[in-house]
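Trainee: Quick check, what structure comes out for this input:
(one chain, ligands or ions: 1)
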Amino acid sequence: MVTSVSILGATGSIGASTLDLVRSGNFRVVALSANSDVQKLAELAREFDADVVAISKEQLYGELKSALAGTRTKVLAGPSGMAEAASAQSDILLSAIVGAAGLEPTMAGFAKGRKIALANKECLVTAGALFMREANAKGAIVLPVDSEHNAVFQAFACGRRDAVSNVTLTASGGPFRTMSRERLAHVTPEEAVRHPNWSMGAKISIDSATLMNKGLELIEAHYLFDLKPSQLSVLIHPQSVAHALVEFHDGSIVVQMAHPDMRIPIGFCLAWPERMEWNAPKLDLAKLGALHFEAPDYERFPALQLARNALLQGGAAPNVLNAANEVAVEAFRKRALSFPGIAALVEGVLEMAEKEGVLREAGTVNDALGVDHIARRFAATLLPQFAAKAS
Ligand SMILES: NC(=O)c1ccc[n+]([C@@H]2O[C@H](COP(=O)([O-])OP(=O)(O)OC[C@H]3O[C@@H](n4cnc5c(N)ncnc54)[C@H](OP(=O)(O)O)[C@@H]3O)[C@@H](O)[C@H]2O)c1
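Mentor: The predicted structure follows:
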C-alpha cells in the first residue's frame, strides 16, 4: 500500500532525513514547504512530483512559480498557502518547521485519523494544552519524532499509563559538556553547532549546547504525554544511544535504544503502527562496551533550570521562554550575544513578562502568537543590555 506524505519544513535537516526514507519506501509526496529556500524546494518538488508546494515568504511566490514552470505542482505562498498545503489530503503530515512558526500550519493539518508526525517541539512549548486539545477534538493522531519522545512512546507500550512513575529524557550534554564556565563565555556559534552525535539544524544544535533543547523537551513531554513535572527528569548520556527511560511503579525501567540517527524515529512514525524495514544503522553494544550516565550541571547550563521553572510556573511561561530563546539564539549566531548571554536574556525576558503580567495561559492560537510576539519584543528591548554585558 502506498502511504501519502506531506512535509512542512522539507528543506531542513528533518525534512532531508524524511525524504531519504521516502526515496527508499512505498510513499507518495503530496505537499512540501519551506521558508525561503526556493531552489531547494523546487528541486524537491520536481524529484518527488509533489502535488503542492508552499513557500512561507509570500514575496517569493513568483520565483517559485517560475522555478516550477512546466510541472503539474500547484504553487502556494504565505500563511494561507502554508495552511492549504498542510491541509492537502495525505495520510501523514510531518511537521518539521523550526520554531513557533510551525504552530499554525501544523494545526491547520489536523484531520480525523490523520497522523501528525511532530518534530516541531515548539508547537507544544508555545501552546501545548491548546495544541493537544485541538488535535484530540479533530481526531488527529500525534506521533513524536523527537528521538526521546519517540522512545517514551515506544516504552509506554510495555505497561499501563497509570503505572508509569517516572520518565527520564537523556541528553548528550552537547559539545561543551565538560567545558569550564570561564571557557563557555568565549565559545563561538561555529563551535556550538558542532554536535558530537547528531547532525541537526543550527537552532536545535545550539539549543543542545545550552541544554535549552532538553528543557524544551521536558515541556514537550509534559503536554504530549500528560505527565506531571515531578514525573519528568533529565540524565546526561554522552553516547546518545539510550534515548529515554520509562520507570514503572514496580521498579522496572524500560529503555529504548537506537543508533543516533533521526531516520529511526522518523521511520517509526511513517510506518506506525507497523515497523518500517529499511537499511537502518544498527547499534553495536559490544563495541560500545559501557553506557555512561551523569546528572546535568544546572550551574553551567542554567537554560535547563529556566525551562524547568517555566514548566512548573505553567501558563504562558513556556511560550515566553521559547520566544526569548529564539531571539537569543539568533543573536548568538550573529555574534550579538555571548553563549552565557542566551540563558541570561531568556531569564530577563521571563522576569519582564512576569512584571508586565503576560504569563496567563493562552486560550486561542491568536493569544499564544500574541504572547510570542510580546516576548520577542521584550527580548529585542533587553538585547542591547545583555549584549553589552557580554562584551
Ligand atoms: N534536526 C534534528 O535532528 C531534530 C531532532 C528533533 C527535533 N527536531 C525539531 O525539528 C524541527 C526542525 O528542525 P531542523 O533541525 O530540521 O531545522 P532546520 O534544518 O533549520 O530546517 C527548518 C525548516 O523549517 C523551514 N522554516 C524555517 N523558518 C520558517 C518559517 N518562519 N516559516 C516556515 N518555514 C520555516 C526551513 O525552510 P528554509 O530552508 O527555506 O529556511 C526548513 O525547511 C525543530 O523544531 C527541531 O527542534 C529536529
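Trainee: Buried residues in whatever helix or strand residue 344 lives in, which are they?
Mentor: According to DSSP states H and E, residue 344 maps onto helix 339-355. Buried residues in helix 339-355, counted by 16 or more other Cβ atoms under 10 Å: 339-350, 352-353. C-betas here are computed from N, CA, C, even on glycine.
Trainee: can you check stretch 298-312 too?
Mentor: Applying 16+ other Cβ under 10 Å to stretch 298-312 flags 300, 301, 302, 303, 304, 305, 306, 307, 308, 309, 310, 311 as buried.
Trainee: So residue 117 lies in a helix, does it not?
Mentor: No - counting by DSSP: H, G, I helix; E, B strand; the rest coil, residue 117 is located in no helix; its state is strand.
Trainee: and the residue lying closest to it once chain neighbours are set aside, what does it touch?
Mentor: Counting by Cβ to Cβ, 6 or more residues apart in numbering, residue 117 lies nearest to residue 269, which is 3.7 Å off, once chain neighbours are set aside. Residue 269 sits next to 92, 94, 115, 117, 143, 144, 145, 150 when contact means Cβ atoms under 8 Å, 6 or more residues apart in numbering.
Trainee: Please indicate which of the residues you listed has the highest neighbour count?
Mentor: Most neighbours among those, by other Cβ atoms under 10 Å: residue 94, with 31 neighbours.
Trainee: and the host helix or strand of that one, C-alpha only, in PDB?
Mentor: Using DSSP H and E, residue 94 maps to strand 92-95. C-alpha atoms of strand 92-95 as PDB (Å, rounded to 0.1, in the frame of the first residue of the first chain):
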ATOM      1  CA  ILE A  92       0.800  11.700   7.300                       C
ATOM      2  CA  LEU A  93       1.800  15.300   7.900                       C
ATOM      3  CA  LEU A  94       5.400  15.600   9.000                       C
ATOM      4  CA  SER A  95       5.800  18.800  10.900                       C
END
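Trainee: Can you tell me the strand partners of that strand and which way each runs?
Mentor: In the sheet containing strand 92-95, the strands it pairs with under DSSP bridges are strand 3-8 (parallel), strand 115-118 (parallel).
Trainee: Could you export these as JSON lines, including mean pLDDT?
Mentor: Supplementary listing: the strands paired with strand 92-95 in JSON lines, determined by pLDDT from 0 to 100:
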{"stretch": "strand 3-8", "mean pLDDT": "98"}
{"stretch": "strand 115-118", "mean pLDDT": "98"}
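Trainee: need those strands in a markdown table with distance to the ligand, can you?
Mentor: Below are the strands paired with strand 92-95 laid out as a markdown table (distance: least, Cβ to the nearest ligand atom, whole Å):
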| stretch | distance to the ligand |
| --- | --- |
| strand 3-8 | 7 |
| strand 115-118 | 9 |
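Trainee: on that earlier part again, what is the helix holding residue 344 packed up against?
Mentor: Applying 3 or more Cβ pairs under 8 Å, 6 or more residues apart in numbering; DSSP states H and E, one finds that helix 339-355 contacts helix 181-184, helix 202-210, helix 212-225, helix 302-313, helix 317-333, helix 365-390.
Trainee: what's the average pLDDT for that helix?
Mentor: Across helix 339-355, the average pLDDT comes to 98.
Trainee: follow-up on the earlier one: and of the helices and strands packed on helix 339-355, who's closest to residue 131?
Mentor: Among the helices and strands packed on helix 339-355, the nearest to residue 131 by Cβ to Cβ is helix 212-225 (7.0 Å).
Trainee: Now do the following helix or strand past that closest one against helix 302-313: the angle between them, please.
Mentor: Counting by DSSP H and E, the element after helix 212-225 in chain order, helix or strand, is strand 232-236. Relative orientation of strand 232-236 versus helix 302-313 (axes from the mean of the first three to the mean of the last three Cα atoms, to 10 degrees): 170 degrees.
Trainee: Put the alpha carbons of stretch 270-282 into CSV.
Mentor: The C-alpha coordinates for stretch 270-282 follow below in CSV (Å, rounded to 0.1, in the frame of the first residue of the first chain):
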residue,chain,number,x,y,z
LEU,A,270,6.0,6.9,8.9
ALA,A,271,5.2,3.2,9.4
TRP,A,272,3.3,3.3,12.7
PRO,A,273,1.6,1.1,13.8
GLU,A,274,3.8,-1.2,11.7
ARG,A,275,7.6,-1.2,11.6
MET,A,276,9.5,0.1,8.6
GLU,A,277,12.0,-2.2,7.0
TRP,A,278,15.0,-0.3,5.8
ASN,A,279,18.7,-0.4,6.0
ALA,A,280,18.8,1.3,9.4
PRO,A,281,22.2,1.6,11.1
LYS,A,282,22.5,-0.9,13.9
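Trainee: before we move on, back to that, now render the buried residues of helix 339-355 as a markdown table, adding distance to the ligand.
Mentor: Formatted as a markdown table, the buried residues of helix 339-355 follow (distance: Cβ to the nearest ligand atom, whole Å):
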| residue | distance to the ligand |
| --- | --- |
| 339 | 19 |
| 340 | 22 |
| 341 | 21 |
| 342 | 15 |
| 343 | 18 |
| 344 | 22 |
| 345 | 19 |
| 346 | 16 |
| 347 | 21 |
| 348 | 23 |
| 349 | 20 |
| 350 | 20 |
| 352 | 24 |
| 353 | 22 |
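Trainee: who in the stretch 101-250 of the chain is up against the ligand?
Mentor: Within the stretch 101-250 of the chain, the positions lying close to the ligand (Cβ under 6 Å from any ligand atom) are 101, 119, 120, 121, 122, 146, 198, 200, 201, 203, 204.
Trainee: most neighbours, which of the residues you listed?
Mentor: Tallying neighbours with other Cβ under 10 Å puts residue 119 at the head of these, with 34 neighbours.
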